[in-house]
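Trainee: structure here, sequence nowhere to be found:
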Ligand SMILES: Cc1cc2nc3c(=O)[nH]c(=O)nc-3n(C[C@H](O)[C@H](O)[C@H](O)COP(=O)(O)OP(=O)(O)OC[C@H]3O[C@@H](n4cnc5c(N)ncnc54)[C@H](O)[C@@H]3O)c2cc1C
């Protein structure tokens, strides 16, 4: 972990650099020309310049030894600038991950030190034309080359698809099938038989270079096999998913807020029907406030998960999946709403929100699609549900009933309702064997993510009230505002879990389904409906906070 002061300085330097070198006109131009600004990317990664790469390299190899929380903060900030450039930097994070996790001490020393000292750019080569979400379908092969009965190297052949930095990296980690299974190899640019295609012409992140790779009998020495043991590749990839998905979650969060931070000031200046749009409840309560609530719920989950990864609680794959799912889906919704919030202007290039929307779209696709996240979340929590005989989420609810006693205003009681309803829906799915329908399994993944994020946000609001937030945590909202945001999100989550849960159970069982009436009664729907009371006044308050009116109203009242 790096000291808070160092992190703040890095964030400040990044903001200043972006302001100077990547103003809107430059971004719009690069986006139109579909160009990756290599000089900017190199500047960001050079140790004697911005040196962002140093953050995630351990100190023993010349880096700063940043933890998951530090990396989340930097990723959010990069995404606020440009998601294409952020992706170019992320590719080195991803590309070096198999090394960080699985390499031998000699390999770590060599490659991590080179990243720190030379600003080496990496690419992460997992995806193939036939192997996307299902990496098990991998076709790239690595054949052993032996001399005198000893393996001295490998010959790699195959094709990789959609590789970020594919055409510009200095080195690549390539996943290939050895006789003992998938393994990572480090391949440097320019070696014989290794080529890349022209950059893809993409919908968004046009400032990032994405290219297909071709490997035709590419020879690498045996010491390029990451970890020196074949067949560890998928485990090594799995081991960092919690961490890498948090980074993409931070991208969704940063991009979503970047869009809203354009819509909010715009709406104070845009006069329609005799007043600014920011004064119109039908505008703020549809386009701005719900998106703020979803993004902040995702933030709460990201921050909690980052703290847990830093406390070495494990790889937290499911938590990474929940964070990525919520933050990237919320980022997409927020960016889309921001186009609407700017009306016709939003639909033009000049106002940037349409670019942000195109850019953020990738975050629900790469590093695991949203559907794969739903599956990951659901499968894991399903096992916990079974192991605890259906009590897991009822137990979670109890934590929030206790929290409510200390902090009656943070939405903990409503989060508890969401957890109880979730436990009931899952139990019904178990007894009626509904997860034989893949759709039900994935929908459960979504409901789980909403309930757990409602819990995380209520906890975050309580910590804020107690002045116990991580000192690196985002401090945009004070305790009262965060509590109101938490209540808004918890209401959405509880209603979603109960009503959509009921819908899918009935939908899967048919009219004759015996369990639906019983389930309806067990979900606590009347309490969840009653919990919607004061939703509008909370939304009014959050809108006032966002537009700086809350303080003024307070002064007037005083
Ligand atoms: C701009 C860009 C940059 C990228 N950068 C990199 C990179 O640097 N390195 C790298 O290795 N990869 C990279 N990728 C690849 C990315 O990770 C994959 O595109 C992603 O994992 C999805 O794989 P796919 O495109 O083959 O889609 P598919 O796996 O074919 O999925 C298509 C659709 O089907 C759904 N689906 C898939 N499987 C299931 C299932 N079992 N059940 C239900 N639904 C399912 C998916 O959710 C998706 O909606 C990048 C992609 C893009 C577009």
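Mentor: Ah, there it is. As the structure is a computational prediction, the values presented were derived from the model and not from experiment. Numbers count the residues shown, from 1 in each chain.
Trainee: residues of the stretch 301-450 of the chain that sit close to the ligand?
Mentor: Counting by Cβ under 6 Å from any ligand atom, the stretch 301-450 of the chain comes close to the ligand at 362, 365-366, 369, 371-372. In this view, the C-beta of every residue, glycine as well, is placed from N, C-alpha and C.
Trainee: identify the bridge partners of the residue of the stretch 201-350 of the chain found nearest the ligand.
Mentor: The stretch 201-350 of the chain approaches the ligand most closely through residue 210 (4.4 Å), counting by Cβ to the nearest ligand atom. On the basis of DSSP bridges, residue 210 is bridged to residue 164.
Trainee: how much space separates it from residue 550?
Mentor: In this view, residue 210 and residue 550 are 43 Å apart by Cβ to Cβ, to the nearest Å.
Trainee: likewise for residue 31?
Mentor: 36 Å.
Trainee: can you check residue 199 too?
Mentor: Distance from residue 199 to residue 550, by Cβ to Cβ: 47 Å.
Trainee: which residues touch residue 201?
Mentor: Applying Cβ atoms under 8 Å, 6 or more residues apart in numbering, we find residue 201 in contact with residue 34.
Trainee: got the phi and psi for it?
Mentor: With angles defined as degrees, to the nearest 10, residue 201 shows backbone torsions of phi -90, psi 100.
Trainee: next: residue 214.
Mentor: When read as degrees, to the nearest 10, the backbone of residue 214 gives phi -130, psi 130.
Trainee: what does residue 134 give?
Mentor: Dihedral angles for residue 134 - degrees, to the nearest 10 - are phi -100, psi 90.
Trainee: measure how buried it is and give me the count.
Mentor: Neighbours of residue 134 under the rule other Cβ atoms under 10 Å: 9.
Trainee: identify the residues contacting residue 340.
Mentor: Contacts of residue 340 (Cβ under 8 Å, 6+ apart): 287, 346.
Trainee: oh, that last question was meant for residue 519, not what I typed.
Mentor: 424-425, 428, 501-502, 505.
Trainee: roughly how far does it sit from residue 426?
Mentor: Remark: distance between residue 519 and residue 426 (Cβ to Cβ) = 11 Å.
Trainee: for residue 410, which non-adjacent residue is closest in space?
Mentor: In this structure, residue 410 finds its nearest non-sequential neighbour in residue 461, 3.9 Å apart by Cβ to Cβ, 6 or more residues apart in numbering.
Trainee: what is the neighbour count of the one you found?
Mentor: Neighbourhood size, residue 461 [other Cβ under 10 Å]: 31.
Trainee: and residue 210 and residue 550? Which one has more around it.
Mentor: In this view residue 210 and residue 550 are compared by other Cβ under 10 Å, and residue 210 has more residues nearby, 26 against 19.
Trainee: would you confirm that the more buried one contacts residue 163?
Mentor: Yes. Counting by Cβ atoms under 8 Å, residue 210 touches residue 163, with 6.7 Å between them.
Trainee: and residue 467, helix, strand or coil?
Mentor: coil (DSSP: H, G, I helix; E, B strand; the rest coil).
Trainee: and it, what are its phi and psi?
Mentor: phi 60, psi 40.
Trainee: run a quick neighbour tally on it.
Mentor: 7.
Trainee: what segments of the stretch 251-400 of the chain are strands?
Mentor: Counting by DSSP state E, counting those that start in this stretch, the stretch 251-400 of the chain has strands at residues 271-272, 275-276.
Trainee: ok, now the chain?
Mentor: 122-125, 141-147, 150-164, 171-178, 181-188, 194-196, 210-221, 271-272, 275-276 (DSSP state E).
Trainee: which other helices and strands contact the fourth one?
Mentor: Think strand 171-178. With contacts taken as 3 or more Cβ pairs under 8 Å, 6 or more residues apart in numbering; DSSP states H and E, strand 171-178 sits against helix 83-102, strand 122-125, strand 141-147, strand 150-164, strand 181-188, strand 210-221, helix 233-239.
Trainee: mind listing what's buried along that strand?
Mentor: 171-178 (16 or more other Cβ atoms under 10 Å).
Trainee: enumerate the residues of the stretch 451-558 of the chain near the ligand.
Mentor: Taking Cβ under 6 Å from any ligand atom, no part of the stretch 451-558 of the chain reaches the ligand.
Trainee: next one, pLDDT for residue 56 please.
Mentor: pLDDT for residue 56: 87.
Trainee: mind listing what it touches?
Mentor: So residue 56 contacts 63, 66, 71, 93, 96 (Cβ under 8 Å, 6+ apart).
Trainee: again, only this time at 6 Å
Mentor: 66, 71, 93 (Cβ atoms under 6 Å, 6 or more residues apart in numbering).
Trainee: roughly how far does it sit from residue 345?
Mentor: With Cβ to Cβ as the criterion, residue 56 and residue 345 are 38 Å apart.
Trainee: number of nearby residues for the residue lying closest to residue 129 once chain neighbours are set aside?
Mentor: Leaving out its chain neighbours, the residue that sits closest to residue 129 by Cβ to Cβ, 6+ apart is residue 161, at 5.0 Å. Residues near residue 161, counting by other Cβ under 10 Å, number 19.
Trainee: residue 126 is in contact with residue 161, correct?
Mentor: No. When contacts are counted by Cβ atoms under 6 Å, residue 161 is not listed as touching residue 126 (9.6 Å).
Trainee: give me the number of residues near the residue of the chain found nearest the ligand?
Mentor: Closest to the ligand within the chain is residue 132: 1.6 Å, counting by Cβ to the nearest ligand atom. Using other Cβ under 10 Å, residue 132 has 16 neighbouring residues.
Trainee: now it. Nearest residue, chain neighbours left out?
Mentor: Closest to residue 132 by Cβ to Cβ, 6+ apart is residue 161, at 7.8 Å.
Trainee: show me the contacts for the one you found.
Mentor: Counted by Cβ under 6 Å, 6+ apart, residue 161 has contacts 127-129, 212.
Trainee: ditto for residue 84
Mentor: Residue 84 makes contacts with 205-208, as judged by Cβ under 6 Å, 6+ apart.
Trainee: and the ligand, which of those reach it?
Mentor: The residues of those that also fall near the ligand, by Cβ under 6 Å from any ligand atom, are residue 205.
Trainee: now, which of the contacts of residue 84 sits nearest residue 540?
Mentor: residue 205 (36.6 Å; Cβ to Cβ).
Trainee: surely that closest one meets residue 86?
Mentor: No. Residue 205 is not in contact with residue 86 according to Cβ under 6 Å; the separation is 8.4 Å.
Trainee: re the thing from before, next, give phi and psi for the residue of the chain closest to the ligand.
Mentor: Phi and psi for residue 132, reported as degrees, to the nearest 10, are phi -110, psi -90.
Trainee: please renumber the chain so that the first residue is 64 from this point on.
Mentor: OK, 64 is where the count begins now, so the last one is residue 195.
Trainee: still on that earlier bit, among the contacts of residue 582, name the ones in helices.
Mentor: If you go by DSSP state H, those have 487-488, 491, 564-565, 568 in helices.
Trainee: name the spans of this protein whose pLDDT lies under the cut-off.
Mentor: The model of the chain has pLDDT under 70 over residues 573-579, 615-621.
Trainee: residue at max distance from the center of it?
Mentor: residue 211 (48.4 Å; Cα atoms, centre = their mean).
Trainee: picking up where we left off before, just the contacts of residue 224 that are near the ligand?
Mentor: Filtering the contacts of residue 224 for proximity to the ligand by Cβ under 6 Å from any ligand atom leaves residue 190.
Trainee: and the contacts of residue 224, which are buried?
Mentor: Buried, going by 16+ other Cβ under 10 Å: 190-191, 275, out of those.
Trainee: what's the closest of these to residue 377?
Mentor: Distances from residue 377 to the buried ones among the contacts of residue 224, taken as Cβ to Cβ, are shortest for residue 190 (26.0 Å).
Trainee: thanks again, I'm all set now.
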